[in-house]
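Could you work out the structure for the sequence below:
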Amino acid sequence: MDIEGQLNISISSEELKGKKVIVFFFGTRPEIIKLFVLYRILKKSDEFYPLLYNTAQQKISEDILSKIGINPDITASEKKNRSSDLNELIAHLLNEFNDKLGEKSPVRKEHIHGIIVQGDTASAFAGALWGFLNQIPVFHLEAGLRTLDKMNPFPEEFMRESIARMATLHFAPKGINRDNLINEGIKHDRVYVIGNTINDAIFTLIKEKKIKEPKQKNYILSTLHRRENWKYVSTYAEILYSLTNELKDYSEILHLMHPNPLIRKAFESVINGHSDKKLVLMNPIHDYFEMLGYVKNAGSILTDSGGLQEESLFFNVPCGVLRKTTERPEVLKKNAKLLPFDKNEISVFLSQAVHYKQVHQSKYNYTYGFGDSSYLVYELLKKYYGIETHYSFL
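Below you'll find the predicted structure:
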């Protein structure tokens with residue numbers, strides 16, 4: 001990726017033929033994973049011309065993008081301190097949007113019929129804000145998730161709430177998410193419950209045989225990265241190290257070390273000088289196909305990740321959520337439990353998880369849908385633009 005960013009746009013009037021230009025803003029791996037099925041559908045459609053704008057919020061493996069048929073049309077220049085200084089990142093992205101979609105671009109803002117953002121990232125927030133300020137319709141995937149606590153998760157809860165104020169259509173995973181939006185004053189005819197496109201992605205990758213199975217089995221998969229948990233990193237490292245003496249039901253602990261230097265330094269300050277073959281510190285798994293394999297084959301998961309809550313539910317892997325609250329309360333009725341940074345409570349959860357895993361082994365969970373959410377969004381976009389649809393939304 002060029003440090004100054006790049007444009008790979010070459011559109012002829014013949015290609016467009018009256019199609020609606022829809023820009024997908026994404027900058028993290030979870031976003032593009034949840035968007036790629038919809039992108040494929042629009043790419044093949046007669047009604048829409050989708051463009052992919054990679055904000056470079058994170059470095060996303062080119063291997064992942066190529067294997068799911070994704071080649072960004074626009075890539076923003078990278079911003080230093082993008083993971084630690086949100087003020088700089090968001091200002092940088094807004095300026096990038098103006099630049100890359102400005103007068104010198106083959107596609108300018110007046111050509112864009114709609115913008116799609118996903119979730120609660122800085123990229124989604126900035127993309128929605130830019131669209132709103134330019135009076136371009138914004139369509140929000142994974143809308144209506146709430147903890148009702150602006151500091152948990154921080155800053156994602158605020159960003160997701162703010163996108164709701166700017167969005168034109170809201171695609172909610174579950175009824176509870178729709179109710180959240182309506183309670184906030186969003187008109188009911190602008191909110192649609194369509195499931196979660198994470199299931200579209202996983203079903204597609206299973207069908208295309210892209211998931212990579214690891215050699216290890218029945219391990220505890222561990223991650224920690226959320227901003228509100230940075231102060232607990234050292235405590236969590238101590239807990240993981242102490243748990244190595246109690247792993248009779250698990251083979252080992254695989255902790256994926258987040259690349260953020262603040263997190264890595266705090267974690268290594270505890271582990272440094274100690275070693276235990278049952279606590280394996282790994283670099284982040286950038287290959288999503290490999291990561292799904294690790295989720296599928298875990299005996300249990302400890303994490304503060306929103307995406308892992310959804311993926312673990314699909315594969316029915318017990319998930320200890322290291323947060324005070326979750327914007328995905330449906331998982332708490334299934335495979336997940338909120339956990340404090342307390343060794344005894346985590347230990348009890350891991351013990352109870354063994355039974356859950358045995359009961360639900362080899363069963364998929366369809367809480368987030370049967371893999372047709374992206375198709376529903378496609379039909380709803382046609383409905384919004386007054387294009388004939390073959391689906392009834394009564």
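
How many neighbouring residues does the nearest residue to Thr147 once chain neighbours are set aside have?
Excluding the flanking residues, the one nearest Thr147 by C-beta to C-beta, 6 or more residues apart in numbering is Thr325, at 4.3 Å. No exception for glycine: its C-beta is placed from N, CA and C like everyone else's. With neighbours defined by other C-beta atoms under 10 Å, the count for Thr325 comes to 17.

Give me the three-state assignment for Thr325.
For Thr325, the secondary-structure state derived from DSSP: H, G, I helix; E, B strand; the rest coil is coil.

Tell me which stretches of the protein form helices.
Secondary structure of the chain, counting by DSSP state H: helices at 13-16, 29-44, 62-67, 86-100, 122-133, 156-166, 175-183, 197-207, 233-243, 261-271, 288-296, 306-314, 343-359, 373-384.

Tell me how far Thr168 lies from His113.
Between Thr168 and His113 the distance, using C-beta to C-beta, to the nearest Å, works out to 11 Å.

does Asp372 really touch Thr204, like I thought?
No. In this structure Asp372 lies outside contact range of Thr204 using C-beta atoms under 8 Å: 11.2 Å.

quick revisit: mean pLDDT lowest for which of the helices of the chain?
Lowest mean pLDDT within the helices of the chain: helix 13-16, at a mean of 66.

Report the contact partners of Glu157.
The neighbours of Glu157, taking C-beta atoms under 8 Å, 6 or more residues apart in numbering as the test, are 120, 146-147, 149-151, 327.

likewise Lys210?
Contacts of Lys210 (C-beta under 8 Å, 6+ apart): 67-68, 289.

Kindly reformat these as JSON lines containing neighbour count and distance to Phe267.
Conversion of the contacts of Lys210 to JSON lines gives the following (neighbours: other C-beta atoms under 10 Å; distance: C-beta to C-beta, whole Å):
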{"residue": "Lys67", "neighbour count": "15", "distance to Phe267": "31"}
{"residue": "Ile68", "neighbour count": "21", "distance to Phe267": "31"}
{"residue": "Phe289", "neighbour count": "19", "distance to Phe267": "26"}
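
Now the common contact residues for Thr168 and His113.
Counting by C-beta under 8 Å, 6+ apart, the shared contacts of Thr168 and His113 are Pro137.

Mark out where each domain of the chain begins and ends.
The chain breaks down by automatic domain parsing into domains covering 6-196+369-384, 220-359.

Reformat these as CSV; add distance to Pro214.
Supplementary listing: those in CSV, determined by distance: least, C-beta to C-beta, whole Å:
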stretch, distance to Pro214
domain 6-196+369-384, 17
domain 220-359, 5
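
To Tyr391, which of the ones you listed lies closest?
domain 6-196+369-384 (4.1 Å; C-beta to C-beta).

Distance from the closest one to the middle of the chain?
Centroid separation between domain 6-196+369-384 and its chain, computed with C-alpha atoms, centre = their mean, to the nearest Å, is 12 Å.

Fine by me, thanks again.
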